[in-house]
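Peer 1: Turn this into a model:
(one chain, ligands or ions: 2)
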Amino acid sequence: MSNTEQPPFPTQEADRLFAREQPRQDFRFDASVARVFPDMIRRSVPGYTTIIPMIEVITEQYAQPGSHCYDLGCSLGASTLAMRHGLPESGCTLVGVDNSEAMIERCRHHIALDDHPLPVELRCEDILETTIQDASVTTLNFTLQFVPPAQRPELLARIAGATRPGGVLILSEKIRFERPQEQEVQTRLHHEFKRANGYSDLEISQKRSALEQVLIPETLSGHRERLEEAGFRDVMVWYQCFNFVSMLAFKPA
Ligand SMILES: Nc1ncnc2c1ncn2[C@@H]1O[C@H](C[S@+](CC[C@H]([NH3+])C(=O)[O-])CC(=O)[O-])[C@@H](O)[C@H]1O
Ligand SMILES: O=C(O)C(=O)Cc1ccccc1
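Peer 2: Ligands and ions are numbered 1, 2, ... in the order given. Below you'll find the model as predicted:
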């Protein structure tokens with residue numbers, strides 16, 4: 001590269017998107033979010049930096065030869081790359097899907113930088129419309145929470161229907177709690193986590209109102225019941241930190 005050229009995506013940017021007072025707007029996964037996303041998600045989701053490497057471990061355990069593996073709502077590809085590293089070098093097909101062009105464009109770049117022989121098929125489309133077939137491992141790492149609740153049952157039933165016996169869904173979500181007391185405590189602890197990561201009260205409150213109509217959390221029992229209704233069994237929580245959980249749901253034989 002000559003010294004007049006810039007690398008495609010220069011240094012990682014810090015998330016200051018909500019630092020200045022601004023009119024309320026619904027949160028969107030646009031180019032400005034894509035630019036700061038690694039910093040934003042790491043500082044906002046307690047446990048994210050633990051969950052990502054565990055997706056590799058889980059994928060390695062449940063991927064079946066010749067099957068398809070899906071990362072639905074792949075953003076910049078952190079969970080996709082974890083799955084890639086858990087898969088054998090050939091014999092499985094890995095697909096990442098996201099409907100944000102800004103995310104997919106950067107994701108393509110991240111995947112190209114990751115020196116690994118397994119190809120990744122990237123689709124810029126709605127996960128509600130993407131074709132899912134012959135799956136063994138499917139990941140929804142903090143994506144279902146952005147799907148309108150009315151459309152969640154059909155998506156989960158479609159994933160379950162396309163999953164081989166013994167296959168798994170990795171479902172990570174921000175949840176809400178039935179007991180108001182627990183909801184209050186866990187939400188406060190999440191906000192304290194964000195403060196400890198350098199977000200101001202203004203940033204926390206402006207982002208919270210931007211997310212209000214967009215990220216709809218459900219209770220753990222709501223998730224369990226719907227996963228079973230969709231055709232999954234043995235739903236288990238394998239990780240929880242405050243109001244952020246990750247579950248496994250298995251397709252029975
Ligand atoms: N209907 C939809 N169709 C396609 N994509 C969607 C849809 N709704 C939302 N998205 C996409 O889902 C992603 C959610 S982020 C996932 C993090 C990643 N899994 C990670 O492990 O780093 C989680 C978060 O920001 O909290 C965004 O990129 C959206 O564009
Ligand atoms: O920031 C928050 O409060 C969240 O709930 C998590 C999050 C992380 C990244 C984008 C949107 C929401």
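Peer 1: Please, which helix or strand holds the closest residue to Ser32 other than its chain neighbours?
Peer 2: When the adjacent residues along the chain are set aside, Ser32 lies closest to Leu17, with 6.2 Å between them (CB to CB, 6 or more residues apart in numbering). (Glycine included, C-beta is placed from N, CA and C.) Per DSSP states H and E, Leu17 falls between elements, in no helix or strand.
Peer 1: And for the one 5 residues further on?
Peer 2: Per DSSP H and E: Gln22 is located in neither a helix nor a strand.
Peer 1: Quick check: the gap between Ile58 and Thr139.
Peer 2: Remark: distance between Ile58 and Thr139 (CB to CB, to the nearest Å) = 9 Å.
Peer 1: can you check Pro117 too?
Peer 2: Distance from Pro117 to Thr139, counting by CB to CB: 21 Å.
Peer 1: Pull the contacting residues for the closest residue to ligand 2 within the chain.
Peer 2: Closest contact between the chain and ligand 2, by CB to the nearest ligand atom, is at Ser44 (3.4 Å). For Ser44, the residues meeting the contact criterion (CB atoms under 8 Å, 6 or more residues apart in numbering) are Lys194, Asn197, Tyr199, Lys207.
Peer 1: Generate CSV for these, with secondary structure, distance to Glu154 and pLDDT as supplementary columns.
Peer 2: CSV is the format used below for these (DSSP: H, G, I helix; E, B strand; the rest coil; distance: CB to CB, whole Å; pLDDT from 0 to 100):
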residue, secondary structure, distance to Glu154, pLDDT
Lys194, helix, 33, 98
Asn197, coil, 36, 98
Tyr199, coil, 35, 98
Lys207, helix, 29, 98
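Peer 1: Quick check: the two most widely separated of those residues?
Peer 2: Asn197 and Lys207 (12.6 Å; CB to CB).
Peer 1: and the two? which has more neighbours close in?
Peer 2: Summary of the neighbour comparison: Asn197 and Lys207, criterion other CB atoms under 10 Å, with Lys207 having more neighbours (18 against 13).
Peer 1: show me the contacts for the more buried one.
Peer 2: Residues touching Lys207, when contacts are defined by CB under 8 Å, 6+ apart, comprise Leu17, Phe18, Phe27, Ser44.
Peer 1: Try it again at 10 Å.
Peer 2: Under the criterion of CB atoms under 10 Å, 6 or more residues apart in numbering, the neighbours of Lys207 are Asp15, Leu17, Phe18, Phe27, Met40, Ser44, Lys194, Tyr199.
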